[in-house]
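Q: Kindly generate the corresponding structure for this input.
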Amino acid sequence: MKWDEITVLHPGRFVLVEAIKASSNNRVRQLEDMSVVQDYDNPQEAWNGYKRLHKLHPTRELYVFHTSRSDVEVVEEFFSGVRQRT
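A: Alright, predicted model coming up:
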């Protein structure tokens, strides 16, 4: 599904989406096709949903956006440090 379709179907909502088709160019991730996993009323619920699903499926490319955004380009940032397991 394209972003403009998602904004029409879920106006004024926070959406947890999975990238189906995406590409990177100059450290910008462009999401070309995505699937809505869940929509939410508030950002805290959306991030909690993200964290739960990411913990179960860490290889899935998941994002949280508000449908008021005009686009869904994401700046890629690479982690270069030590992670501590909790």
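Q: which one's the longest helix in the chain?
A: Longest helix of the chain, by residue count under DSSP state H: helix 43-56.
Q: Please list the residues outside it that contact it.
A: Residues from elsewhere that reach helix 43-56 (Cβ atoms under 8 Å, 6 or more residues apart in numbering): 14-16, 37-38, 40, 60, 62-64, 66. Quick note: C-beta positions are derived from backbone N, CA and C, even for glycine.
Q: next helix or strand past that helix?
A: Counting by DSSP states H and E, the next helix or strand C-terminal to helix 43-56 is strand 62-66.
Q: out of the contacts of helix 43-56, which one sits closest to Gln30?
A: Taking Cβ to Cβ as the measure, Gln30 lies nearest Tyr63 of those, at 12.0 Å.
Q: if I look at that closest one, how far off is Gly49?
A: Using Cβ to Cβ, to the nearest Å, one gets 12 Å for the distance from Tyr63 to Gly49.
Q: Just flag the most distant two among the contacts of helix 43-56.
A: Arg60 and His66 (20.3 Å).
Q: Give me the below-cutoff pLDDT ranges for this protein.
A: Scanning the chain for pLDDT under 70 picks out 79-86.
Q: one more time with 90, if that's ok
A: 73, 76-86 (pLDDT under 90).
Q: Tell me how many other residues crowd Leu62.
A: Leu62 has 17 neighbours, counted by other Cβ atoms under 10 Å.
Q: same check, this time on His54
A: 14.
Q: now swap in Asp41 and tell me
A: Quick note: Asp41 (other Cβ under 10 Å) scores 10 neighbours.
Q: same check, this time on Asp4
A: Other residues close to Asp4 by other Cβ under 10 Å number 10.
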